[in-house]
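**Student:** Structure, please.
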Amino acid sequence: MLPPGPRGSSLALTYRWLRTPFEFMEDCRERYGDAYSFKLPGLPDLAVFSNPEVVKSIFAEPGENLHAGAFNRSLEAFLGNKSVLMVDGKSHARKRKLLMPPFHGERMTSYGDVMLSLADDAIDALPEGAPFAFHGPMNRIALDVIVRNVFGFEPGPREAEVRKNLSELLEIMTWPPFLLPWVRLDAGRFSPWGRALEKRRKSDEMIFDEIRRRRAGGTPHKDDILSLLLAARDEDGSEMSDEELRDELVTLLIAGHETTATALSWAVRWILADSEVEARLHAELESVGDLTPQRVQALPYLDATVREALRLCPIIPIVGRIAQSDVSVGGFDLPKGTGVVCSIFLAHRRPEAFPDPTRFYPDRFLDKRIAPYEFFPFGGGIRRCIGMAFALLEMKMVLAKLFTRTTLKLEPTRPIRYERRSITLVPSDGPRVRLVERHPRVTRRAA
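**Tutor:** Model prediction:
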């Protein structure tokens with residue numbers, strides 16, 4: 001038996017889910033409680049939960065019955081069928097083992113150095129005088145970080161071509177209706193999906209060409225993620241196929257670009273709206289001296305600020321699994337094929353875990369330890385996002401540079417609104433900021 005939920009026009013529900021998912025989820029919780037269900041055309045019934053104990057039980061399931069890959073199937077057209085997000089069981093465990101090493105250890109320091117440098121470049125390019133939408137510069141930083149740290153391209157003509165192709169692909173793929181399978185109809189270049197497929201084809205040619213070039217030249221010792229994945233081996237010594245590498249690279253691109261840019265945009269919006277938070281952040285950064293990845297990573301208030309931004313406006317509203325057989329969840333006996341969903345947004349707004357939940361208050365992450373089933377912007381259990389540490393690192397490096405080198409002013413805005421760009425929910429006004437002051441970049445002193 002599914003939890004209760006709205007059972008009106010499927011088109012009306014689809015419109016609300018695509019246009020105003022936060023309000024839709026809040027309305028459902030107010031009407032039906034911590035568990036509710038709804039149905040969208042072309043997708044399974046979705047049973048949504050936000051109670052921490054239920055979330056904990058879902059995350060604790062070892063993936064034998066609740067399959068996240070099956071839930072993510074609507075993204076296959078973007079990511080390919082060999083992505084770590086698309087597979088379950090032993091295939092997922094194998095891929096996760098191959099993909100994890102690049103996101104740990106000393107390699108993160110080298111990524112952080114690149115992020116700090118790219119943040120400096122972006123700050124140098126910020127427009128002066130007139131207000132501008134902040135999401136644009138953050139999108140460019142996030143893409144540059146991926147081109148350099150994931151693909152390993154150095155500045156030059158080929159890097160510029162790669163960035164242009166990937167940027168065009170990412171932009172066209174953010175159209176929200178593409179999330180619905182029945183919208184993805186290829187009627188040639190005069191149809192939205194036909195144009196998207198053409199952009200994907202060009203990007204795939206570029207990615208496969210780079211994989212072949214790197215294989216032909218060997219895999220020299222480099223810290224970029226593509227080099228590390230090319231060198232990765234299974235226990236039997238086998239390597240990842242070109243198709244696997246393509247799907248994992250595109251996953252890192254799509255999952256790590258718009259999401260991080262949006263998270264940074266929300267963080268800046270909340271920081272600039274609270275003078276006390278901004279002053280404390282400035283004071284903590286001024287105490288550091290030269291910015292290094294290690295020093296920035298160790299800043300407690302910056303870390304709390306990043307996490308509070310991810311709590312208040314999670315970049316994606318839900319994570320889910322598909323039940324492979326009948327299952328009992330949260331007191332409901334759900335039939336096989338049901339989408340078992342954890343609402344990140346609703347869990348992050350529970351007053352029992354986060355008093356005064358609509359307030360931006362980083363101290364809540366300093367005052368107590370938050371359980372991983374109360375705060376889970378990157379999902380949880382065996383399916384927690386592999387790139388979590390990378391995304392948190394990038395947010396900290398960029399924010400540290402921004403609030404060290406600039407004074408920004410938040411422009412008067414309408415009430416806080418957002419818009420959907422594919423799976424992410426971005427501030428609808430950018431947010432609009434104005435550069436008041438920019439300090440010159442500082443060359444790091446030798447140790």
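
**Student:** since we're on R307, how many residues are nearby?
**Tutor:** 20 (other Cβ atoms under 10 Å). To be clear about C-beta, it is placed using only N, CA and C from the backbone, and glycine gets the same treatment.

**Student:** State whether R19 and Y418 are indeed in contact, as I suppose.
**Tutor:** No. In this structure, R19 is not within contact of Y418 by Cβ atoms under 8 Å, at 9.9 Å.

**Student:** neighbour count winner among these two?
**Tutor:** The neighbour count for R19 versus Y418, taken as other Cβ under 10 Å, is higher for Y418 (18 against 13).

**Student:** residue contacts, that one?
**Tutor:** Applying Cβ atoms under 8 Å, 6 or more residues apart in numbering, we find Y418 in contact with 22, 313, 425-428.

**Student:** Roughly how far does it sit from P176?
**Tutor:** Relative to P176, Y418 is positioned 12 Å away (Cβ to Cβ, to the nearest Å).

**Student:** what do you get for Y32?
**Tutor:** Per Cβ to Cβ, Y32 is found 25 Å from P176.

**Student:** Which element, helix or strand, includes the residue sitting nearest the centre point of the chain?
**Tutor:** Closest to where the C-alpha atoms of the chain average out (Cα atoms, centre = their mean) is T259, at 3.3 Å. Here T259 sits within helix 242-272, counting by DSSP states H and E.

**Student:** Distance from the chain centre to stretch 396-405, please.
**Tutor:** Remark: stretch 396-405 is offset 19 Å from the chain centroid, using Cα atoms, centre = their mean, to the nearest Å.

**Student:** And the contacts of it?
**Tutor:** By Cβ under 8 Å, 6+ apart, stretch 396-405 touches 112, 115-116, 119-120, 122-123, 138, 141, 264, 267-268, 271, 278, 281-282, 285-286, 288, 291, 293, 296-297, 299, 302-303, 305-306, 408, 438-441.

**Student:** Tell me, how many residues neighbour the nearest residue to P177 once chain neighbours are set aside?
**Tutor:** Of all residues not flanking P177 in the chain, V183 sits nearest, at 4.4 Å (Cβ to Cβ, 6 or more residues apart in numbering). V183 has 15 neighbouring residues, counting by other Cβ under 10 Å.

**Student:** List the contacts of V183.
**Tutor:** V183 neighbours (Cβ under 8 Å, 6+ apart): 177, 192-193.

**Student:** In strands only, show me those.
**Tutor:** Residues of the contacts of V183 located in strands (DSSP state E): none.

**Student:** And those, which is closest to K164?
**Tutor:** P192 (20.5 Å; Cβ to Cβ).

**Student:** pretty sure that closest one contacts W175?
**Tutor:** Yes. Look at P192 against W175 with Cβ under 8 Å: they come within range, at 6.4 Å.

**Student:** what about W193, distance to D333?
**Tutor:** Distance from W193 to D333, by Cβ to Cβ: 38 Å.

**Student:** between those two, which one's more packed in?
**Tutor:** More neighbours surround W193 than the other of W193 and D333, with 19 against 11 (other Cβ under 10 Å).

**Student:** and the closest residue to that one other than its chain neighbours, what is it in contact with?
**Tutor:** Sequence neighbours aside, R184 is the residue nearest to W193 in space, at 4.7 Å (criterion: Cβ to Cβ, 6+ apart). Residues in contact with R184, defined by Cβ under 8 Å, 6+ apart, are 77, 178, 193.

**Student:** How about P335?
**Tutor:** By Cβ under 8 Å, 6+ apart, the contact set of P335 is 2, 323, 326.

**Student:** what stretches of the stretch 101-250 of the chain score poorly on pLDDT?
**Tutor:** Counting by pLDDT under 70, the stretch 101-250 of the chain contains low-confidence residues at 218-221.

**Student:** Quick check: the gap between G289 and V442.
**Tutor:** From G289 across to V442, the span is 10 Å (Cβ to Cβ).

**Student:** Check A279 too.
**Tutor:** A279 sits 21 Å away from V442, going by Cβ to Cβ.

**Student:** Which one of those two is surrounded by more residues?
**Tutor:** Taking other Cβ under 10 Å, A279 and V442 do not tie; V442 has more neighbours (13 against 10).

**Student:** The more buried one is in contact with D290, isn't it?
**Tutor:** Yes. Using Cβ under 8 Å, V442 is in contact with D290, at 7.3 Å.

**Student:** For I386, list the residues it contacts.
**Tutor:** 84, 96, 99-100, 103.

**Student:** could you give me the average pLDDT of stretch 434-447?
**Tutor:** If you average the pLDDT over stretch 434-447, you get 81.

**Student:** Which positions within that stretch qualify as buried?
**Tutor:** Residues 434-435, 441 are the ones in stretch 434-447 that count as buried (16 or more other Cβ atoms under 10 Å).

**Student:** Equivalent analysis for stretch 45-54, please.
**Tutor:** Buried residues in stretch 45-54, counted by 16+ other Cβ under 10 Å: 45-52, 54.

**Student:** ok, now how distant is L228 from P127?
**Tutor:** 37 Å.

**Student:** Also A389?
**Tutor:** 32 Å.

**Student:** more neighbours, those two?
**Tutor:** More crowded of A389 and P127, by other Cβ under 10 Å: A389, with 15 against 11.

**Student:** and that one, what helix or strand is that in?
**Tutor:** Short version, using DSSP H and E: A389 is in helix 388-405.

**Student:** Can you show me the CA trace of stretch 171-187 as CSV?
**Tutor:** Taking Å, rounded to 0.1, in the frame of the first residue of the first chain, the C-alpha atoms of stretch 171-187 are listed here in CSV:
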residue,chain,number,x,y,z
GLU,A,171,23.7,24.3,-21.5
ILE,A,172,21.3,22.5,-23.8
MET,A,173,21.0,19.5,-21.5
THR,A,174,19.7,21.7,-18.6
TRP,A,175,16.3,22.0,-20.1
PRO,A,176,14.1,20.6,-17.4
PRO,A,177,11.5,18.7,-19.6
PHE,A,178,14.4,16.4,-20.8
LEU,A,179,14.1,14.7,-17.4
LEU,A,180,10.8,13.1,-18.6
PRO,A,181,11.4,10.2,-21.0
TRP,A,182,8.5,11.0,-23.2
VAL,A,183,9.9,14.4,-24.0
ARG,A,184,13.1,13.0,-25.4
LEU,A,185,11.9,12.4,-29.0
ASP,A,186,14.5,12.7,-31.8
ALA,A,187,12.9,14.6,-34.7
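
**Student:** Thanks a lot, see you next time.
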